[in-house]
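In: Pasting the sequence and the predicted coordinates here, then a few questions.
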Amino acid sequence: MYKLNELSDNAGATKPRKRVGRGPGSGMGKTGGRGIKGQKSRSGVAIKGYEGGQMPIYQRLPKRGFNKPNRKTFAVINLGLIQKFIDAGKIDAKNDITEEALVASGALRRVKDGVRVLAKGEFSAKANITVTGASAGAVEAVEKAGGKLTVTAPKEAAAE
């Protein structure tokens, strides 16, 4: 049986930290193993991407892809979360559940360019939901529960 005070590492598994710049007797004094002068002898050096005058690899490789500047971003919410808020009484399933109602209840922080509903989680409330987007599974789950999920056109971004 081992005792905590008897545990120790294998011989040679650990070695003491090298204490640099602690006098000539240490073998690592004065310049601390950095040689003499120059950028690399100073602190705060960041030349990892430098390849000695050769064109760096990140500049030799071609650029790929495209980022659409006017792409729409949707706030995403799962049906399971909507159900949780209905069960907690924060959302009233009798009224239409709109994007504004989801924000007012605290289920979403902001609408962005619209709200997209995904099918993750259980949904059993008979509710009418009106949002900007929804997955096919979400529409199916709401209709199976006896409700209706209406998808509207996304809002145009405010005057840019």
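Out: Nice, thanks for sending it over.

In: For the chain, just list every one of the helices.
Out: All helices of the chain, identified by DSSP state H, fall at 57-60, 79-87, 99-105, 136-144.

In: okay, these, which one's buried deepest?
Out: helix 79-87 (a mean of 19; mean count of other C-beta atoms under 10 Å). All C-beta spots, glycine's among them, are computed from the backbone N, C-alpha and C.

In: What angle do helix 136-144 and it make with each other?
Out: 30 degrees (axes from the mean of the first three to the mean of the last three C-alpha atoms, to 10 degrees).

In: other SSEs contacting helix 79-87?
Out: If contacts are counted by 3 or more C-beta pairs under 8 Å, 6 or more residues apart in numbering; DSSP states H and E, helix 79-87 sits against strand 115-118, helix 136-144.

In: quick one: residue 70 and residue 113, what's the gap?
Out: Counting by C-beta to C-beta, to the nearest Å, the gap from residue 70 to residue 113 is 10 Å.

In: Give me the more crowded residue out of those two.
Out: Using other C-beta atoms under 10 Å, the more surrounded residue of residue 70 and residue 113 is residue 113, with 16 against 6.

In: That one contacts residue 74, correct?
Out: Yes. With contact defined as C-beta atoms under 8 Å, residue 113 reaches residue 74; the gap is 6.0 Å.

In: Find residues that contact each of those two.
Out: Residues touching both residue 113 and residue 74 by C-beta atoms under 8 Å, 6 or more residues apart in numbering: 132, 154.
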